[in-house]
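*Asks:* Next input, structure requested:
(chains A and B)
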There are 2 protein chains.
Amino acid sequence: VRAFEQKSLASGACGETLDDVPEAEDGIAPQLASLKPLGQVRESFILAVSHEGLWIIDQHVAHERVLFERVLRQRQTESIPVQKMLMPMVVELTPGQQAVFSEISDELGRNGFEVELFGSRTVVVKAVPAGVESCDVEQMLGELLVEFEREQQAMNLDAIRHRIAASIACHAAIKVNMPLEQNKMEWLLRELAQTECPMSCPHGRPVVLRYSVKDIQRAFKRI
Amino acid sequence: VRAFEQKSLASGACGETLDDVPEAEDGIAPQLASLKPLGQVRESFILAVSHEGLWIIDQHVAHERVLFERVLRQRQTESIPVQKMLMPMVVELTPGQQAVFSEISDELGRNGFEVELFGSRTVVVKAVPAGVESCDVEQMLGELLVEFEREQQAMNLDAIRHRIAASIACHAAIKVNMPLEQNKMEWLLRELAQTECPMSCPHGRPVVLRYSVKDIQRAFKRI
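*Replies:* Numbering: from 1, shown residues only, chains lettered A, B, ... in the order given. The predicted model follows:
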């Protein structure tokens, strides 16, 4: 188990945390693009092979990475797709959350949230970024405000945008325990190959575990 | 890499060496029988999944284990299938090999080899156990005689039979670097599930590497 983790750390570290700028990882993208997905473990982890070996991909964090970078791009061009709520949702805020809300409401708006103050400690959510389920909205907004409340003083605009993008990506991404068709797995690996930092999710967790043919031969005592 | 090996050792050890009697491994057979093969890595290692996790199976040693136990059973009932050589093959022996040959020629005969002395240091091979390629025969016979020459004093009949069965199994087994159709992979796993000791080959090498869903979740820092 330990080597499993060490390997994933070795291959999965991109040096990026939430507040860093993603770095390009040379050589990973062409390998990812040449992978052939074979199926899933427990409908959560994609098994894929290339001539070089075996890759295991965490489908949720892989999609999270794809969406995270997409949301950041769309934010830059102010083109985040929005979906109207069927029913506006009322969310109560604590005094701390209320203070934070006024700080970030403009940025939330530019990220696809249509949220208005309604009285002093209540907001009404009328629209959210596309892909976010309405049943997730209250929890998501609560988590975001709690995070910002905790770290507000040190946050610059870039950091705020990264946090919001990571939250949208997390809530809109494919979940684990979800069967994926062959073409959906292929699509996800293609999309992941096009990201700037395909090896770790916005929260720093590894997206892929890699085992070379040599690793496998060694484990079988062939070399 | 280290854990890969540790895991395979932990799961692959059956306590059996060439000269031991195979032990049953409770609980492995039903798991093996429920595996779904998804494909191969480098046309050599079968990837298979169950609800419990990921298995990697070395196709050559898996088939070796299947054939080894089959040859031993067939030897017991004197029913080893034989194939005639298209052309009899002449093999030169060293004096040491010649001495060994006379010791084991009867047992070789009962294992499907039709080999006759021809002069003092030459044998003629007229038939071999089914599944052994004619291009392998000379090397195989040479290796067997060298092994027996080295260890002759300590060998009882059981040990001799195990050695011969292991050699036949090794030479008749599916090789690595060979693409396998889906039904062939399924057949191999079914056959392996029916062996008495599916986790290691007759030479003691691991046949399978197992990774539980928990191992994978841990490597992805999910637990």
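*Asks:* quick one, the helix or strand harbouring residue A:38 and strand B:36-41 angle?
*Replies:* Taking DSSP states H and E as the definition, residue A:38 sits inside strand A:36-41. Computed with axes from the mean of the first three to the mean of the last three Cα atoms, to 10 degrees, the direction of strand A:36-41 lies at 140 degrees from that of strand B:36-41.
*Asks:* Please state the offset of stretch A:79-92 from the chain centre?
*Replies:* Computed by Cα atoms, centre = their mean, to the nearest Å, the separation of stretch A:79-92 from the middle of its chain amounts to 20 Å.
*Asks:* circling back: can you name the residues in contact with the strand holding residue A:38?
*Replies:* Contact with strand A:36-41 is made by A:46-50, A:56-57, A:59, A:179-180, A:182, A:185-186, A:189, B:36, B:38-39, B:47, B:49, B:53-54, B:213, B:216, as judged by Cβ atoms under 8 Å, 6 or more residues apart in numbering or on different chains. In short, each C-beta sits where N, CA and C put it, glycine included.
*Asks:* same thing but at 6 Å, please
*Replies:* The contact list for strand A:36-41 (Cβ atoms under 6 Å, 6 or more residues apart in numbering or on different chains) reads A:46, A:47, A:48, A:49, A:185, B:38, B:39, B:49, B:54.
*Asks:* On the three-state scheme, the last one is what?
*Replies:* Using DSSP: H, G, I helix; E, B strand; the rest coil, the secondary structure recorded for residue B:54 is strand.
*Asks:* For burial, what's the neighbour tally of the residue lying closest to it once chain neighbours are set aside?
*Replies:* Among residues not flanking residue B:54 along the chain, residue B:211 sits closest, at 4.5 Å (Cβ to Cβ, 6 or more residues apart in numbering or on different chains). Neighbour count for residue B:211, taken as other Cβ atoms under 10 Å in any protein chain shown: 26.
*Asks:* just to revisit the earlier point, just the closest of the contacts of strand A:36-41 to residue A:85, please.
*Replies:* Among those, residue A:185 lies closest to residue A:85 (Cβ to Cβ), at 31.4 Å.
*Asks:* Surely that closest one touches residue A:46?
*Replies:* Yes: contact between residue A:185 and residue A:46 holds when scored by Cβ atoms under 6 Å: they sit 5.3 Å apart.
*Asks:* ok, longest strand in chain A?
*Replies:* strand A:82-92 (DSSP state E).
*Asks:* Contacts for that strand, please.
*Replies:* With contacts defined as Cβ under 6 Å, 6+ apart, strand A:82-92 is touched by A:112, A:122, A:123, A:124, A:125, A:126, A:127, A:130, A:134, A:137, A:138, A:141.
*Asks:* Roughly how far does residue A:33 sit from residue A:60?
*Replies:* Going from residue A:33 to residue A:60 by Cβ to Cβ, to the nearest Å gives 21 Å.
*Asks:* These two: which is more packed in?
*Replies:* Under the criterion of other Cβ under 10 Å, the comparison of residue A:33 against residue A:60 puts residue A:60 first, with 22 against 13.
*Asks:* That one belongs to a strand?
*Replies:* No: secondary structure of residue A:60 (three-state DSSP): helix, not part of a strand.
*Asks:* got the contact list for it?
*Replies:* Residues near residue A:60 by Cβ under 6 Å, 6+ apart: A:173, A:175, A:176.
*Asks:* Got a PyMOL select line for the buried ones in those residues?
*Replies:* Those of the contacts of residue A:60 that count as buried under 16 or more other Cβ atoms under 10 Å in any protein chain shown are selected in PyMOL with:
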select buried, chain A and resi 173+176
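*Asks:* and chain B, which of the contacts of residue A:60 reach it?
*Replies:* The subset of the contacts of residue A:60 lying close to chain B, counting by Cβ under 6 Å from any Cβ of the partner chain, is empty.
*Asks:* Out of the contacts of residue A:60, which comes closest to chain B?
*Replies:* Nearest to chain B among those is residue A:176, at 8.2 Å by Cβ to the nearest Cβ.
*Asks:* need the strands for chain A, in chain order.
*Replies:* Remark: strands assigned in chain A by DSSP E are A:36-41, A:45-50, A:53-58, A:82-92, A:114-117, A:122-129, A:208-212.
*Asks:* what is the mean pLDDT for the second one?
*Replies:* Per-residue pLDDT values over strand A:45-50 give a mean of 97.
*Asks:* on that earlier part again, ok, the strand holding residue A:38: who's next to it in the sheet?
*Replies:* Counting by DSSP bridges, the strands paired with strand A:36-41 are strand A:45-50 (antiparallel).
*Asks:* which residues in chain A form helices?
*Replies:* For chain A, the helices defined by DSSP state H cover A:2-12, A:28-33, A:59-76, A:95-110, A:134-151, A:157-172, A:182-193, A:213-219.
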